[in-house]
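Asks: Using only what follows, build the 3D model:
(one chain, ligands or ions: 2)
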Amino acid sequence: MEKILLLRYGEIHLKGLNRPFFEHKLVQAIKVAARGFGDTQLEHGQGRFFLSGYDAQREGELIAALRRVFGVHSVSPAAVVASELESVRRGALDVVRAEQSAGGTFKVEARRSNKRYPLNSVQIGADVGGYLLENMQGLSVDVHQPQFRLYVEIRGEKAYLYTHILPGPGGMPLGSAGRAMLLLSGGIDSPVAGYMLMRRGVELEAVYFNSPPHTTERAHLKVKKLAQVLSGYGCPIRLHSVYFTDIQEAIYEKCDTDYMTILMRRFMMRIAQRLALESDCGCLLTGENLGQVASQTMQAMAVTNAVVDLPVFRPLIAHDKTEIVDKAQQIGTFDISIEPYEDCCTVFVPRHPVTKPRLKAVLYEERKLDVEGLIDAALQKSETTLIGGE
Ligand code: ATP
Ligand code: MG
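Replies: Ligands and ions are numbered 1, 2, ... in the order given. Model prediction:
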C-alpha cells in the first residue's frame with residue numbers, strides 16, 4: 001500500500017485572486033521542509049497537498065518538520081488505495097490493524113469528491129465500518145465518542161485512508177506578507193513577537209543593540225542563538241549587531257538620566273528604521289507589552305513612535321506574561337531567553353524612570369546630543385551576520 005502525507009491548508013482558501021501566489025509560497029516552504037527526506041513529489045488538488053516518495057523510515061521526522069511550516073493547517077499520514085469499494089475495505093482493515101492493533105471503539109468518517117461514486121458518504125462509512133467489525137476482533141462502533149476515527153476520502157480514482165489529523169501551526173506561508181525588522185533583545189518577549197509575525201507570513205530581519213563592555217559577548221551569543229531558533233521556522237535571518245555603547249554613554253553623561261530609557265528607545269527605533277529601509281522591511285517589530293515596565297506605557301510608545309514613519313508592530317501588546325512564557329516554551333526560545341546575561345537596557349536603568357514622558361521634555365533632552373552623528377558612528381561599528389543560511 002502506498003503511503004503519503006496529506007497536508008491541509010486553511011486560510012489561503014480565502015484569498016481569492018491572490019490564491020496562486022499564496023499556494024506557490026506554501027509549495028516552496030513545504031519543499032524546503034521535505035528536502036533531504038528522499039526523492040519526494042508534491043501534488044496539489046482540491047485544497048490539499050499530497051507528498052509522496054519520501055523515506056518511509058523517517059516519516060515521523062518529516063511530519064515533525066512539516067508541522068512547523070506556516071500555512072500548514074494539519075498533516076495526516078495516509079494510505080492510498082484504488083477507490084473501488086473492495087480496495088477501500090481491505091485498505092481500511094490494513095490501516096486499522098497496523099495503527100490501532102489494540103482495537104477499541106471507532107467511527108468511520110467518509111467523504112467523496114466524486115458524486116457519481118456508487119455509495120454516498122454515509123453508506124461508505126456504514127459499509128467500511130461493517131467490514132472492519134466482521135474482520136477484526138476487539139472493535140465496536142461509537143459514533144459519539146470513539147477512541148479513534150478512520151477517515152476515508154474518495155477522490156477520483158484514489159481513496160485516502162488515515163486515522164490521525166496532526167495540527168500544524170496554521171497561519172500564512174512565509175514570505176507571503178512582506179518583511180519586518182525585529183528588535184531582538186535576549187529577553188523572553190521579542191523572540192515570541194518575531195515568531196508571531198512569521199506565522200502571519202512575514203519574513204524577518206533582526207537588530208540587536210550591543211553595549212560592550214557593559215554587556216558581554218555571552219549576551220550577544222544568546223541573541224544569535226535566539227535568531228537561530230527563529231530561522232528554524234523557515235527563513236534565514238540577517239542579524240545586525242549595532243554598537244550601542246557610545247550612544248548610551250552620551251545619554252548618560254549629557255541628559256537627565258530619568259529620561260535614559262525613553263531616549264535609548266528613540267535611538268533604537270531610528271536605527272532600526274534605517275536598517276529596515278535598506279533591506280526592504282515594511283515595519284518594525286518589538287516585544288513590548290502594555291504596562292509591563294516603565295517604558296511600556298501608551299505615552300512612552302507615542303514618544304518612541306514619533307521618530308519613525310514605518311508602522312511599529314507590537315503583537316504581544318495585550319498578552320499576559322504567562323501566555324508569553326507558554327508560547328516561548330512551545331517555540332523553543334524560553335530556555336535560551338532565561339540564560340542570565342544582561343541586556344543593555346538593564347545596565348543603564350534610571351532610578352526614577354519617567355513613565356509618562358511628554359514629547360516636549362524628551363526633545364529638550366535630546367537637543368543636548370548629536371543624534372545623527374551618534375547614529376552614523378554606531379552603524380559604522382556594526383556588523384551583520386546571516387543566521388540559519390545554507
Ligand atoms: P524582551 O523580553 O523582548 O527583552 P522586555 O520585556 O525586556 O522585552 P524592554 O526591555 O522594555 O522589554 O524592551 C522592549 C522591546 O525593545 C524588546 O521586546 C525588544 O523588541 C526591544 N529591545 C530592548 N532591548 C533591546 C536590545 N538590546 N536590542 C534589540 N532590541 C531591544
Ligand atoms: Mg528585555
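Asks: mind listing what's buried in the biggest helix by length in the chain?
Replies: Secondary structure of the chain per DSSP state H: the longest helix is helix 260-278. When burial is assessed from 16 or more other C-beta atoms under 10 Å, helix 260-278 yields the following buried residues: 260-276. Quick note: C-beta positions are derived from backbone N, CA and C, even for glycine.
Asks: State the phi and psi torsions of the residue nearest to F70 when sequence neighbours are not counted.
Replies: In this structure, F70 finds its nearest non-sequential neighbour in G171, 4.4 Å apart by C-beta to C-beta, 6 or more residues apart in numbering. Dihedral angles of G171 (phi, psi; degrees, to the nearest 10) stand at phi 80, psi -160.
Asks: residue contacts, G171?
Replies: E11, F70, G71, M198, R199, R200, G201 (C-beta atoms under 8 Å, 6 or more residues apart in numbering).
Asks: one step back: close to ligand 2, is the longest helix of the chain?
Replies: No. If you take C-beta under 5 Å from the ion as the test, helix 260-278 misses ligand 2, and the best it gets is 11.2 Å.
Asks: mean confidence for that helix?
Replies: For helix 260-278, the mean pLDDT works out to 96.
Asks: Pull the distance from that helix to the chain's centre.
Replies: 25 Å (C-alpha atoms, centre = their mean, to the nearest Å).
Asks: from the contacts of G171, which would you call buried?
Replies: F70, G71, M198, R199, R200, G201.
Asks: Mind checking which of those land in helices?
Replies: Judged by DSSP H, the buried ones among the contacts of G171 include M198, R199 as members of helices.
Asks: and which of the buried ones among the contacts of G171 is nearest A306?
Replies: R200 (26.0 Å; C-beta to C-beta).
Asks: That closest one and S176: what is the separation?
Replies: Distance, R200 to S176, by C-beta to C-beta, to the nearest Å: 9 Å.
Asks: same thing with D376?
Replies: For D376, the distance to S176 equals 35 Å [C-beta to C-beta].
Asks: More neighbours: the two, which one.
Replies: S176 (23 against 11; other C-beta atoms under 10 Å).
Asks: re earlier: let me have the contacts of G171 in TSV, extended by distance to G389 and pLDDT.
Replies: Formatted as TSV, the contacts of G171 follow (distance: C-beta to C-beta, whole Å; pLDDT from 0 to 100):
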residue	distance to G389	pLDDT
E11	29	65
F70	19	96
G71	22	94
M198	16	97
R199	21	96
R200	23	95
G201	20	95
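Asks: can you name the two of those residues that are farthest apart?
Replies: It's E11 and M198 that sit farthest apart of those, by C-beta to C-beta, at 15.2 Å.
Asks: How about the secondary structure of the residue in the stretch 251-390 of the chain positioned nearest to ligand 1?
Replies: Per C-beta to the nearest ligand atom, the residue of the stretch 251-390 of the chain with the smallest distance to ligand 1 is G287, at 2.6 Å. Here G287 is recorded as coil under DSSP: H, G, I helix; E, B strand; the rest coil.
Asks: Next, count neighbours for it.
Replies: Neighbours of G287 (other C-beta under 10 Å): 25.
Asks: Would you agree it is in contact with D189?
Replies: Yes. Using C-beta atoms under 8 Å, G287 is in contact with D189, at 3.0 Å.
Asks: For the two, list the residues in contact with both.
Replies: Common neighbours of G287 and D189 (C-beta under 8 Å, 6+ apart) are L316.
Asks: lowest-pLDDT helix or strand in the chain?
Replies: helix 344-347 (a mean of 62; mean pLDDT, DSSP states H and E).
Asks: Quick check: next helix or strand after that one?
Replies: Heading C-terminal from helix 344-347, the first helix or strand you meet, by DSSP states H and E, is helix 359-366.
Asks: got the buried residues for that next one?
Replies: Under 16+ other C-beta under 10 Å, the buried positions of helix 359-366 are V362, E365, E366.
Asks: give me every residue that touches the residue lying closest to T257 once chain neighbours are set aside.
Replies: The shortest distance from T257 to any non-neighbouring residue, by C-beta to C-beta, 6+ apart, is to P350 (4.8 Å). Contact analysis of P350 by C-beta under 8 Å, 6+ apart lists T257, D258, Y259, M260, T261.
Asks: can I get those residues in JSON lines with distance to N135?
Replies: Output for the contacts of P350, formatted as JSON lines (distance: C-beta to C-beta, whole Å):
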{"residue": "T257", "distance to N135": "80"}
{"residue": "D258", "distance to N135": "79"}
{"residue": "Y259", "distance to N135": "78"}
{"residue": "M260", "distance to N135": "75"}
{"residue": "T261", "distance to N135": "71"}
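Asks: and the closest residue to F244 other than its chain neighbours, what are its bridge partners?
Replies: Distances taken as C-beta to C-beta, 6+ apart put F209 closest to F244, at 4.0 Å, once the chain neighbours are dropped. Counting by DSSP bridges, F209 is bridged to V242.
Asks: quick one on the thing from earlier: of the contacts of P350, just say which sits nearest to R238.
Replies: Closest to R238, out of all of the contacts of P350 and judged by C-beta to C-beta, is T261, at 26.9 Å.
Asks: For the stretch 151-300 of the chain, which segments are assigned as strands?
Replies: For the stretch 151-300 of the chain, the strands identified by DSSP state E, counting those that start in this stretch occupy 158-162, 166-167, 179-183, 203-210, 237-243, 283-285, in order along the chain.
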